[in-house]
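Novice: turn this into a structure:
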Amino acid sequence: MSKINIDELCEPIEVTVGGKTYTVDDISQETAGKMSKMGGDEANEDPKLVSEILIEILHANKADINKLGLRKRTMLILRLMEIINEELEGKNVPKAVLKKLQS
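Specialist: Presented below is the predicted three-dimensional model:
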């Protein structure tokens with residue numbers, strides 16, 4: 001019988017912001033909806049919306065996220081989306097799955 005362990009397939013993503021480490025386990029449907037409203041030109045995005053999304057994803061303190069400048073805020077959103085897309089496309093095989101495949 002085939003089995004799927006989604007906890008192994010979607011490992012948490014560790015993010016460091018301002019010296020603090022956060023863990024992204026998943027993204028809620030509500031937050032994903034907000035992300036879909038971003039037009040793809042992150043440089044012209046509403047900074048308040050981007051900060052709101054990062055606060056929700058990271059479960060971070062609003063003041064810590066609002067300290068981030070455009071470069072860091074944009075890079076963080078882009079890198080998170082890149083990692084998530086790699087997972088969905090199967091390019092980023094989690095370590096736990098690789099370990100099982102090798103044994």
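
Novice: got the buried residues for the longest helix seen in the chain?
Specialist: With secondary structure taken from DSSP state H, the chain has its longest helix at helix 70-89. Judged by neighbour count (16 or more other Cβ atoms under 10 Å), helix 70-89 contains these buried residues: R73, T74, L76, I77, L80, I84, E87. Every residue, glycine included, has its C-beta placed from N, CA and C.

Novice: could you give the average pLDDT over that helix?
Specialist: Helix 70-89 shows a mean pLDDT of 86.

Novice: check stretch 5-14 too.
Specialist: If you average the pLDDT over stretch 5-14, you get 86.

Novice: for that stretch, C-alpha coordinates in PDB please.
Specialist: Written as PDB, here are the backbone C-alpha positions of stretch 5-14 (Å, rounded to 0.1, in the frame of the first residue of the first chain):
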ATOM      1  CA  ASN A   5       3.600  11.500   4.900                       C
ATOM      2  CA  ILE A   6       3.100  15.100   4.100                       C
ATOM      3  CA  ASP A   7       5.200  16.100   7.200                       C
ATOM      4  CA  GLU A   8       8.200  14.600   5.600                       C
ATOM      5  CA  LEU A   9       7.500  16.000   2.100                       C
ATOM      6  CA  CYS A  10       7.000  19.600   3.400                       C
ATOM      7  CA  GLU A  11       9.800  20.200   5.800                       C
ATOM      8  CA  PRO A  12       9.700  23.500   7.700                       C
ATOM      9  CA  ILE A  13      11.700  26.400   6.200                       C
ATOM     10  CA  GLU A  14      14.000  28.200   8.700                       C
END
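
Novice: what comes up buried for it?
Specialist: I13.

Novice: which strands and helices sit next to the longest helix of the chain?
Specialist: strand 13-17, helix 47-58 (3 or more Cβ pairs under 8 Å, 6 or more residues apart in numbering; DSSP states H and E).
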